[in-house]
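Asker: Fold the stuff below for me.
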Amino acid sequence: MDDQTQTILSEPRQTSARRQSRGRRVVRLVLIVAVLIAIAIAGTRYWLYARQFATTDDAFVDAYTTQVAPRVAGQVIELLFADNQHVTAGQVLLRIDPRDYQAKLDQAKAQQASAEANVLQAQAQFAVRQADLRQAQANVSVAQADLLQAKQDFDRFKTINPAAVTRQQVDSTVAAYHAAEAKLQASQASVGGAQAQVEAAQAQVTAAQASVAQAKANTEAAELELSYCTIVAPSAGIVTHRTVDTGNYVSKGQPLFALVQDGRWVTANFKETQLAAVHPGQDVNISIDAVPSVTFHGKVDSFQAGTGTVFSVLPAENATGNYVKIVQRVPVKIVFDDDRIKNYSLMPGMSVEPAVRVR
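Answerer: Sure thing, here's the model as predicted:
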């Protein structure tokens, strides 16, 4: 077969191959365009969905934590909880040796009893002094009557003819009159002395009553210190971070363990630029890293009255040096509105990703 014949036979095959190549390029182009359109549609749908939420990954589970410390010093004689145990409010957790404080209470009670006895004694003495005062006042009345009688006799003798009475009678009448005056003055002075003694007795009663009040206060203080030997849970929660054991001597105010209370919420640090769309009461979807298969529900509760840097140990001082503007974050409290949290052990500090529905 000559060359011309081969050329004529190969032309249809080349034409077919070119057609197939163009067809494959068209298919690839269509696929690429379709993929790009699908990506654009998916991206648009995701953007339309995501713009309905304000999110942050700077969030964590929060709870109130109480650092429990003794209010009296002493040796721990009983530890009534285990590490990470859940306790109820009022449950006894620890006991400190109460013997020293019981002795102080007994001493305070004895001093109170002595003070109360002194009050009774002072009151009895006051009653005696009041009786003495009444007797002195009665003596004044008697002396006044005697003086009145003596004065009447004296005046009578002055009107009688001196020749009708003897000199002895006149002298006796004058002496009786002066004696009655002296007796009255003495009685009146006795009343003053008795009154002073009554006031002194009243002061002793007041002082004794003040001693009783002080003794009662000392007794109550001793009872209070004795009660501090028993440490109870201030609220329901989980006891953790224990640093004490039976036999340890503890000081007043020394942290012994922490009590993480039962309530849980989320503290989310949103950027200040996100807060315009966030308001209390909005629904929140809460994803917790420790429970990846569950999305919890909650609501925005409140905003902290200041950014995180305001309440830090070393607040930023922007009035000095070169200032570089940084977007601040504001802690937002989100409360759970989902009973399912009871089925999971959510601990303070766990990472959370909240999504607040803003549209």
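Asker: show me where the stretch 251-359 of the chain has strands.
Answerer: For the stretch 251-359 of the chain, the strands defined by DSSP state E, counting those that start in this stretch cover 257-261, 265-271, 283-288, 291-303, 329-336, 351-357.
Asker: Report the residue spans of the stretch 251-359 of the chain with pLDDT below the cut-off.
Answerer: Applying pLDDT under 70 to the stretch 251-359 of the chain flags the ranges 318-321.
Asker: Give me the mean pLDDT for stretch 99-116.
Answerer: The pLDDT scores in stretch 99-116 average 95.
Asker: Need the contact partners of it.
Answerer: 72, 74, 208, 211-212, 214-216, 218-219, 221-223, 225-226, 228-229 (CB atoms under 8 Å, 6 or more residues apart in numbering). Where you see a C-beta, it was placed from the backbone N, CA and C, and this is true even at glycine.
Asker: please redo it, this time with the cut-off set to 6 Å
Answerer: 211, 212, 215, 216, 218, 219, 222, 223, 225, 226, 229 (CB atoms under 6 Å, 6 or more residues apart in numbering).
Asker: With pLDDT and distance to residue 298 added, can I get those in JSON lines?
Answerer: Shown next, in JSON lines, are the contacts of stretch 99-116 (pLDDT from 0 to 100; distance: CB to CB, whole Å):
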{"residue": "211", "pLDDT": "92", "distance to residue 298": "61"}
{"residue": "212", "pLDDT": "92", "distance to residue 298": "58"}
{"residue": "215", "pLDDT": "94", "distance to residue 298": "56"}
{"residue": "216", "pLDDT": "95", "distance to residue 298": "52"}
{"residue": "218", "pLDDT": "95", "distance to residue 298": "52"}
{"residue": "219", "pLDDT": "96", "distance to residue 298": "51"}
{"residue": "222", "pLDDT": "96", "distance to residue 298": "49"}
{"residue": "223", "pLDDT": "96", "distance to residue 298": "46"}
{"residue": "225", "pLDDT": "96", "distance to residue 298": "44"}
{"residue": "226", "pLDDT": "97", "distance to residue 298": "45"}
{"residue": "229", "pLDDT": "97", "distance to residue 298": "42"}
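Asker: of the residues you listed, closest to residue 84?
Answerer: Proximity of the contacts of stretch 99-116 to residue 84 was ranked by CB to CB; the top entry is residue 229 with 24.9 Å.
Asker: sorry, back to before: export the strands of the stretch 251-359 of the chain to a markdown table and append columns for distance to residue 116 and mean neighbour count.
Answerer: As requested, those are exported to a markdown table (distance: least, CB to CB, whole Å; neighbours: other CB atoms under 10 Å):
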| stretch | distance to residue 116 | mean neighbour count |
| --- | --- | --- |
| strand 257-261 | 42 | 19 |
| strand 265-271 | 54 | 21 |
| strand 283-288 | 63 | 20 |
| strand 291-303 | 55 | 15 |
| strand 329-336 | 55 | 20 |
| strand 351-357 | 62 | 19 |
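Asker: Tell me which of those sits nearest to residue 35.
Answerer: Among those, strand 351-357 comes nearest to residue 35, with 28.7 Å by CB to CB.
Asker: Now distance to residue 119 too, for the strands of the stretch 251-359 of the chain, in JSON lines please.
Answerer: Shown next, in JSON lines, are these (distance: least, CB to CB, whole Å):
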{"stretch": "strand 257-261", "distance to residue 119": "45"}
{"stretch": "strand 265-271", "distance to residue 119": "57"}
{"stretch": "strand 283-288", "distance to residue 119": "66"}
{"stretch": "strand 291-303", "distance to residue 119": "57"}
{"stretch": "strand 329-336", "distance to residue 119": "57"}
{"stretch": "strand 351-357", "distance to residue 119": "65"}
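Asker: Enumerate every residue touching residue 349.
Answerer: residue 60.
Asker: sorry, back to before: going by distance to residue 195, which of the contacts of stretch 99-116 wins?
Answerer: Of the contacts of stretch 99-116, the one sitting nearest to residue 195 (CB to CB) turns out to be residue 211, at 24.8 Å.
Asker: residues contacting that closest one?
Answerer: For residue 211, the contacting residues are residue 115, by CB under 6 Å, 6+ apart.
Asker: Assumed it was part of a strand.
Answerer: No. Under DSSP: H, G, I helix; E, B strand; the rest coil, residue 211 sits outside any strand and is assigned helix.
Asker: how close does it sit to residue 111?
Answerer: 9 Å (CB to CB, to the nearest Å).
Asker: what's the closest non-adjacent residue to residue 280?
Answerer: Of all residues not flanking residue 280 in the chain, residue 300 sits nearest, at 5.1 Å (CB to CB, 6 or more residues apart in numbering).
Asker: now that neighbour, which residues is it bridged with?
Answerer: residue 334 (DSSP bridges).
Asker: That one is in contact with residue 282, isn't it?
Answerer: Yes. In this structure, residue 300 is within contact of residue 282 by CB atoms under 6 Å, at 4.7 Å.
Asker: Can you pull the residues that touch both of these two?
Answerer: Going by CB under 6 Å, 6+ apart, no residue sits against residue 300 while also sitting against residue 282.
Asker: Okay, residue 29 and residue 36: tell me how far apart.
Answerer: Distance, residue 29 to residue 36, using CB to CB: 11 Å.
Asker: Please give the element, helix or strand, for residue 37.
Answerer: Residue 37 is part of helix 3-50 when elements are defined by DSSP states H and E.
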